[in-house]
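Engineer: Model the following, please.
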Amino acid sequence: MHLSLATEAQKQQRDRLTHAAWGQTLSVPDFCARELRLRAHPWTARGMQTWLLTTGAGGAGEVLASCETFHNDSFLRGAGGALEAGDSWSIASVYTEERLRGRGYATRLMDLVAAHLEGRSPRGHAVVLFSDVGTPLYERSGYRAQDAFDWVLPPAPGRAGEGVDALVQEAEAPAVLARMRRPDAPFFLWPSAAQVDWHLERERIYAQLHARARPRACGARVGDASALWAMVSKSNQLVVLMLDAREPAQAHALLGAAQRVAHEVGLARVVLWEEPGTAARVEGVSGARREAREDSLPMLRPLRPGLPPVQQVPFPRALWV
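Structural biologist: This next block holds a predicted model:
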């Protein structure tokens, strides 16, 4: 078995195969068009690669399994408190055809990709993924899972901008992200403005293909606090990508704006991924409830010694791939 990078033709072949797993609300042609458009986005064009496990060298022979990797900036806090910048990667779209499952191909692919990434950068920190199939498959390759919870809020009627200083438009999102405070954590990954826009590109694509209205804003600001969000049309929800609010009153104001924006376009809920400190800021928001997450489970595999346990690593929704 051999590890190789997919050609464009092989990527498009995998698109047609993986439609059944990830394109449920789209036709096969629409799903393939979605994948082409996402691969053309600046964030993925610079930092995404599609990997194949094949029976022959150089991508020849039968494809046994495939996955994608995305580059992320990451930061490890040293003994003196200074942050050391490094490279991490997110793995997504791990796929084996049903007829080939149960033979260890996905595990072999994950092991080979991790080994390649270990030697790819002297600044390598970690590989992360967000599992939709539980944890045992990836634990075999050295990944460890974090307990994952969502805060789910109902949509709310009212004027979208009430209680905040301003709603954030797409052109303003990079500046808002740049002002956000980095987490006080021993290790974290940090999304780029391009990655945030990749989530908005997914919103644009699904809004077009599902013929539905988009939210009027992609975030809000109040004082020195801010939030960024995006619509996930296929699950009919507004997901909070990033929330930087140190005081409960700020978090309540920002989430209230998200609830009203969601209500305007008929979304069923607002979803915030729990990070350290989230509960203290979100408890008390009308209708908010905490739920264990059964999919998109954050898992981490260190590429070097000295990383903290995965439970200490914050995972905002903007990091999801």
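
Engineer: going forward, measure contacts and count neighbours with C-alpha atoms only.
Structural biologist: OK.

Engineer: Can you list the strands that the strand ranked longest in the chain pairs with?
Structural biologist: In the chain, ranked by residue count with DSSP state E as the criterion, the top strand is strand 63-77. The strands beside strand 63-77 in its sheet (DSSP bridges) come out as strand 48-54 (antiparallel), strand 83-95 (antiparallel), strand 187-190 (antiparallel).

Engineer: ok, residues contacting that strand?
Structural biologist: 44, 47-55, 83-97, 100, 105-106, 109, 125, 185-192, 307 (CA atoms under 8 Å, 6 or more residues apart in numbering).

Engineer: out of those residues, which are buried?
Structural biologist: Neighbour-count burial within those applies to 44, 48-54, 83, 85-96, 105-106, 109, 125, 185-192, 307; the criterion is 16 or more other CA atoms under 10 Å.

Engineer: how about the helices of the stretch 151-300 of the chain, start to end?
Structural biologist: 173-179, 193-210, 248-264, 278-282 (DSSP state H, counting those that start in this stretch).

Engineer: got CSV for the ones you listed, with mean pLDDT, distance to Leu17 and mean neighbour count too?
Structural biologist: Formatted as CSV, the entries for the helices of the stretch 151-300 of the chain read as follows, by pLDDT from 0 to 100; distance: least, CA to CA, whole Å; neighbours: other CA atoms under 10 Å:
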stretch, mean pLDDT, distance to Leu17, mean neighbour count
helix 173-179, 99, 35, 16
helix 193-210, 98, 20, 19
helix 248-264, 98, 33, 24
helix 278-282, 91, 38, 16
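
Engineer: Tell me which of these sits nearest to Pro155.
Structural biologist: For the helices of the stretch 151-300 of the chain, proximity to Pro155 was assessed by CA to CA; helix 248-264 is nearest, at 4.4 Å.

Engineer: and that closest one, C-alpha only, in CSV?
Structural biologist: These are the backbone C-alpha positions of helix 248-264, laid out as CSV (Å, rounded to 0.1, in the frame of the first residue of the first chain):
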residue,chain,number,x,y,z
PRO,A,248,-21.6,37.4,30.4
ALA,A,249,-23.4,40.6,29.5
GLN,A,250,-21.4,40.8,26.3
ALA,A,251,-21.9,37.2,25.4
HIS,A,252,-25.6,37.6,26.0
ALA,A,253,-25.8,40.6,23.7
LEU,A,254,-23.8,38.9,20.9
LEU,A,255,-25.8,35.7,21.1
GLY,A,256,-29.0,37.6,21.2
ALA,A,257,-28.1,39.3,17.9
ALA,A,258,-27.3,35.8,16.5
GLN,A,259,-30.7,34.5,17.7
ARG,A,260,-32.5,37.4,15.9
VAL,A,261,-30.5,37.1,12.7
ALA,A,262,-31.3,33.3,12.7
HIS,A,263,-35.0,34.1,13.2
GLU,A,264,-35.1,36.5,10.2
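
Engineer: Contacts made by that helix with the rest, please.
Structural biologist: 153-164, 215-217, 219-223, 225-227, 229, 237-238, 243-245, 268-270, 280-282, 285.

Engineer: can you give me how far the longest strand of the chain is from the chain middle?
Structural biologist: Centroid separation between strand 63-77 and its chain, computed with CA atoms, centre = their mean, to the nearest Å, is 11 Å.

Engineer: Next, the angle helix 193-210 makes with that strand.
Structural biologist: Going by axes from the mean of the first three to the mean of the last three CA atoms, to 10 degrees, strand 63-77 is angled at 140 degrees with respect to helix 193-210.

Engineer: Just the C-alpha atoms of strand 63-77, please, in CSV.
Structural biologist: What follows is the C-alpha trace of strand 63-77 in CSV, where atoms were taken according to Å, rounded to 0.1, in the frame of the first residue of the first chain:
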residue,chain,number,x,y,z
VAL,A,63,-7.8,3.5,-4.3
LEU,A,64,-8.4,1.9,-0.9
ALA,A,65,-9.0,5.1,1.2
SER,A,66,-8.7,8.8,0.9
CYS,A,67,-8.7,11.9,3.1
GLU,A,68,-7.9,15.7,3.0
THR,A,69,-5.5,17.8,5.1
PHE,A,70,-5.8,21.5,5.8
HIS,A,71,-3.0,23.7,7.2
ASN,A,72,-3.6,25.7,10.4
ASP,A,73,-1.5,28.1,12.4
SER,A,74,-1.0,26.9,16.0
PHE,A,75,0.6,28.3,19.1
LEU,A,76,2.3,26.5,22.0
ARG,A,77,2.9,28.4,25.2
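
Engineer: Quick check: the gap between Ser93 and Met110.
Structural biologist: The gap separating Ser93 from Met110 is 12 Å, by CA to CA, to the nearest Å.

Engineer: Repeat that for Gly59.
Structural biologist: Shown here: Gly59 relative to Met110, a distance of 16 Å by CA to CA.
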